[in-house]
Structure formats: C-alpha cells, structure tokens
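Trainee: Need the 3D shape of this:
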Amino acid sequence: MMAEPREGTSAEEVRAALRKTGVWRTRGRLASWLALLSLVGPGLIAANAGNDAGGIATYASVGARYGYGLLWAMLLLTLALAIVQEMCARMGAATGEGLTDLVRAHLGIRWTLLVVLCLLIANGGTIVSEFAGIGAAAELFGLPPYLAIPPAAVAVWWLVVKGSYPRVERALLAMTLVFFAYPISAYLARPDWGEVARQTALPTIQLDGGYLFILVALIGTTITPYMQLYVQSSVADKGVSMAEYAVTRLESYASALFSNLVSAFIIIATAATLHASGVIDIESAADAARALEPLAGRYASGLFAVGLLGASLLAAAVLPLATAYAVAEALGFEKGVDRGFREAPVFLGLYSGLVVLGALIALVPGLPLITLLLVVQVLNGLLLPVVLVSILRLVNRRDLMGPAVNGPVTNVLAYAVTVAVSGCALAMVAGLLLGY
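Mentor: Predicted coordinates for the structure are as follows:
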C-alpha cells in the first residue's frame with residue numbers, strides 16, 4: 001500500500017527511499033551520491049529540453065528587447081514549472097501510465113482527441129524548429145545546414161530506436177552539460193547585479209501587444225506541453241514506484257530550478273550585451289551569439305553554436321519521443337524505447353516519421369528561424385491550458401491516485417498557475433482580435 005506523500009521532501013525521506021530501492025550503501029559519500037544519481041533523469045532531461053532552440057531564441061529576444069524587465073516572470077515560472085512537473089512525475093509513479101494513457105482511460109475520447117490534436121500541432125512545429133536550430137548552429141561553424149541536419153537526424157533516430165532506456169537517458173543527460181556556457185557568460189558580461197535583483201523582485205508590466213506576445217512565448221517555452229508528457233511517460237517507463245518517489249520529487253523541483261536559472265542567465269547575458277548596446281531585435285543565431293562575446297571574444301559564435309547545437313539535439317530527441325508516447329498512449333498501442341519495431345510499430349514508426357519530417361522541412365531554404373521559433377513558443381503557450389486542465393482533472397481523482405492526490409497547498413498553487421496561464425493566453429488572443 002502506498003504511503004501518502006507529503007508536500008515537502010526532506011533529506012531523510014530521500015535516504016529512506018533509496019534504502020527501499022536497495023541502492024543506498026554505507027560506502028561513503030561518493031557511493032551515496034552515485035546511488036542517488038541512478039534515480040535521476042526524467043525531470044532533469046524534461047526541464048532542460050525546454051531550453052531548446054526555441055527557448056534560447058525566446059530568452060535572447062526577451063533580454064535584447066526588454067533587458068532585465070521580465071526576470072520577475074522567470075521567478076514565478078520557476079515555481080509554476082516545479083509544480084506542474086512534480087504532478088506529472090507523481091502521476092507516472094503512482095499509476096505507471098503516461099499522461100495521454102490516463103486521459104484516454106478517464107476523461108473520454110473527445111477530450112483525448114483534443115489533447116492529442118493540440119500536442120501534434122504544437123510539437124510538430126517545435127520539432128521543425130529544433131532541426132532548424134541544428135542548421136543554424138552548423139552555419140555558425142561555417143557549414144551549410146544540409147551537411148548537418150541529415151546526420152543529426154540519423155544520430156537521434158539511432159539513439160532512441162537502437163538504444164535501451166538507460167543508454168538513451170545517459171546520452172540525453174550528457175547533452176544538458178552544454179547549458180553551463182550561459183551562466184558563465186552572464187557572469188563575465190558584468191551586468192548590474194543590483195539592477196538584476198531589483199527588476200526580478202519588482203515587476204514592471206507593459207500594456208502593449210509585443211510585451212504580451214513575448215510573455216506568452218516565455219510561458220510556452222518554459223512550461224512546454226511536451227515536457228510534461230515526457231517526464232510522466234519516462235517516469236513510468238523507468239519503473240519508478242511510490243517507494244522511490246521522494247527522490248523523483250526532489251529531482252522535479254531541483255530540475256525546474258536549474259533549468260530556469262540557465263534561462264535567466266541567457267536573459268541576463270543578452271540584456272547586458274545586446275540590450276545595453278541598443279540591439280533589440282534578434283534576427284539570426286549570429287545576433288544571439290554576441291551575448292557570449294564577454295566569455296569567448298571572437299570565438300563567441302562557436303561557443304554559442306555548441307550551446308545551440310546541444311540544446312537542439314536534446315530537444316530533437318525528446319520532442320518526437322514525447323509525441324510518440326502521447327499518440328501511442330492515446331490510441332492504446334504498445335510503447336517504450338526498450339521495444340523493437342515488431343513490438344511497438346506505431347510508437348517507433350511515429351517517432352521515425354516525426355524525425356524525418358522535421359529534418360526535411362528544416363532544410364527548406366530561407367526559413368525565418370527566429371520568427372518560426374517565437375511563433376511556435378507562443379503556440380505552445382496558447383495550447384498549454386488544455387494540458388494543465390487535463391493534469392488537474394486526473395491528479396485529483398482519488399480512485400486513480402489513491403493517497404497520492406494533490407494536497408491542499410499544491411492544489412491552490414496549481415489552479416493559480418492554470419488560471420494565470422489561461423488569462424495570459426486569452427488576453428493575447430483578445431489583443432490580436434482587437435488589433436493591438
């Protein structure tokens with residue numbers, strides 16, 4: 001019988017969970033940390049996949065156009081991401097099922113089709129943008145996109161289709177290391193840290209269409225719908241149980257914090273360089289690369305290309321995987337990266353098709369990368385309320401979750417996040433319809 005989870009996670013709970021799984025040993029601190037890391041993966045990969053090509057473009061655009069003026073939003077979005085990601089991880093551990101699996105079984109076929117349609121629209125555009133990001137990174141290295149995108153597509157396809165879950169997870173975790181370039185860059189850009197703290201703590205809201213557009217894009221790229229699908233499906237696929245959940249809960253919170261710290265540093269770096277020099281419009285990857293000049297001087301483009309390439313590769317692997325999970329679950333087909341084409345033909349076939357299609361569209365000449373990335377993130381923000389409502393309807397069902405249902409504090413925060421995100425999306429749509 002499951003022990004009722006509490007709102008917080010103490011160090012003792014983590015140690016107790018590790019003892020139950022048999023991975024905690026009295027062999028010193030190094031062994032203990034290695035044991036803990038063996039349970040880490042889904043949350044960190046999902047959270048950092050949000051810092052993809054679209055995320056980098058959005059955060060760089062925010063920093064260039066508004067300076068530090070939207071850092072307050074990142075503070076709130078960190079809390080929101082932690083809450084949403086933790087709920088999905090808990091559902092994966094408590095039920096052993098992915099999100100759309102539960103939607104199909106408990107919310108009916110119409111709501112299932114709505115969720116899947118929203119995800120296919122949002123994820124389809126985002127997959128294209130990831131391969132376009134790979135092409136942009138190649139151009140910063142002096143290579144044409146057609147020499148980089150096809151090999152990258154083959155590599156991410158091979159990784160997932162031919163790899164086991166542990167191997168895939170280790171490779172995806174290794175890709176997250178590229179994000180350390182941005183905190184270092186932000187520090188060496190010598191921003192006014194007092195002003196950074198002031199604008200983070202004191203919100204300044206502008207009532208214009210451009211500001212609302214970029215705010216919705218910020219929401220869409222920080223709490224991307226596919227991230228929640230991935231974290232729940234991967235927790236279930238990894239076989240995490242409620243006995244181990246204390247570690248997974250801690251990882252969900254820590255991953256959201258780490259991911260959004262990286263995002264904030266991208267904003268700070270671009271604000272301290274591009275915005276400070278009067279460059280407020282990001283039109284290419286080379287523009288955003290200037291934010292790294294304090295770190296690497298004339299080699300800034302190459303360092304930015306490494307970050308952009310790693311981020312795009314990570315998301316190019318995770319996004320089609322999350323989409324394939326969602327559709328296979330919704331339609332009741334076999335799924336899992338440990339299965340072959342004979343066992344899970346729809347799952348692996350859809351994953352393969354999304355990789356091929358995304359790579360082909362990204363090879364179209366003259367694709368407006370930054371515009372494409374921003375529009376896709378706004379689309380994610382507009383469709384996010386559908387996913388959030390689905391999560392809340394499921395995670396509060398005692399017949400499904402048992403004692404693992406949301407507590408009162410989590411529920412208040414989760415509903416506040418859903419209302420706030422929906423309000424921003426509706427306000428932007430109203431502004432577009434009214435011509436603002």
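Trainee: Report the spatially nearest residue to residue 393, omitting neighbours in sequence.
Mentor: Spatial nearest neighbour of residue 393, excluding adjacent residues (C-beta to C-beta, 6 or more residues apart in numbering): residue 107 at 6.2 Å. Using the backbone N, CA and C atoms, a C-beta is placed for each residue, glycine as well.
Trainee: Look up phi and psi at the one you found.
Mentor: phi -110, psi 0 (degrees, to the nearest 10).
Trainee: Repeat that for residue 405.
Mentor: Torsion angles, degrees, to the nearest 10, at residue 405: phi -60, psi 160.
Trainee: Please name the residues that touch the residue nearest to residue 393.
Mentor: Residue 107 makes contact with 390, 393-394, according to C-beta atoms under 8 Å, 6 or more residues apart in numbering.
Trainee: which residues of this protein score low on pLDDT?
Mentor: In the prediction, the chain carries residues with pLDDT under 70 at positions 1-51, 163-179, 283-287, 290-302, 337-338, 367-370, 372-374, 432, 434-436.
Trainee: quick one: the helices in the stretch 151-300 of the chain?
Mentor: 165-175, 181-188, 193-201, 209-222, 225-238, 245-270, 285-289, 293-296, 300-331 (DSSP state H, counting those that start in this stretch).
Trainee: Could I get those helices in TSV, plus columns for mean neighbour count?
Mentor: Listed next are these as TSV, based on neighbours: other C-beta atoms under 10 Å:
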stretch	mean neighbour count
helix 165-175	17
helix 181-188	21
helix 193-201	14
helix 209-222	22
helix 225-238	28
helix 245-270	25
helix 285-289	23
helix 293-296	19
helix 300-331	25
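Trainee: of the ones you listed, which approaches residue 123 most closely?
Mentor: Residue 123 lies closest, by C-beta to C-beta, to one member of those: helix 300-331, at 4.5 Å.
Trainee: Tell me what angle the closest one forms with helix 245-270.
Mentor: 140 degrees (axes from the mean of the first three to the mean of the last three C-alpha atoms, to 10 degrees).
Trainee: Give me the distance from helix 300-331 to the chain's centre.
Mentor: 9 Å (C-alpha atoms, centre = their mean, to the nearest Å).
Trainee: Remind me what the following helix or strand past it packs against, helices and strands.
Mentor: Downstream of helix 300-331, the first helix or strand assigned by DSSP states H and E is helix 345-362. Contact partners of helix 345-362 among helices and strands, from 3 or more C-beta pairs under 8 Å, 6 or more residues apart in numbering; DSSP states H and E: helix 109-140, helix 149-161, helix 300-331.
Trainee: And helix 345-362, how far out from the chain middle?
Mentor: With C-alpha atoms, centre = their mean, you get 20 Å for helix 345-362.
Trainee: In it, which residues are buried?
Mentor: By neighbour count on 16 or more other C-beta atoms under 10 Å, the buried set for helix 345-362 is 346-348, 350-352, 354-355, 357-359, 361-362.
Trainee: go on, stretch 421-436?
Mentor: Buried residues in stretch 421-436 (16+ other C-beta under 10 Å): 421-422, 424-425, 428, 431.
Trainee: Would you mind putting the CA coordinates of that stretch into CSV?
Mentor: Output of stretch 421-436 as CSV, limited to C-alpha atoms (Å, rounded to 0.1, in the frame of the first residue of the first chain):
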residue,chain,number,x,y,z
VAL,A,421,-1.6,30.9,-17.9
SER,A,422,-5.1,30.8,-19.4
GLY,A,423,-5.6,34.5,-18.6
CYS,A,424,-2.4,35.5,-20.5
ALA,A,425,-3.3,33.4,-23.5
LEU,A,426,-6.9,34.8,-23.6
ALA,A,427,-5.6,38.3,-23.3
MET,A,428,-3.1,37.9,-26.2
VAL,A,429,-5.9,36.4,-28.4
ALA,A,430,-8.2,39.3,-27.5
GLY,A,431,-5.4,41.7,-28.3
LEU,A,432,-4.9,40.1,-31.7
LEU,A,433,-8.6,40.2,-32.5
LEU,A,434,-8.9,43.8,-31.5
GLY,A,435,-5.8,44.8,-33.5
TYR,A,436,-3.5,45.7,-30.7
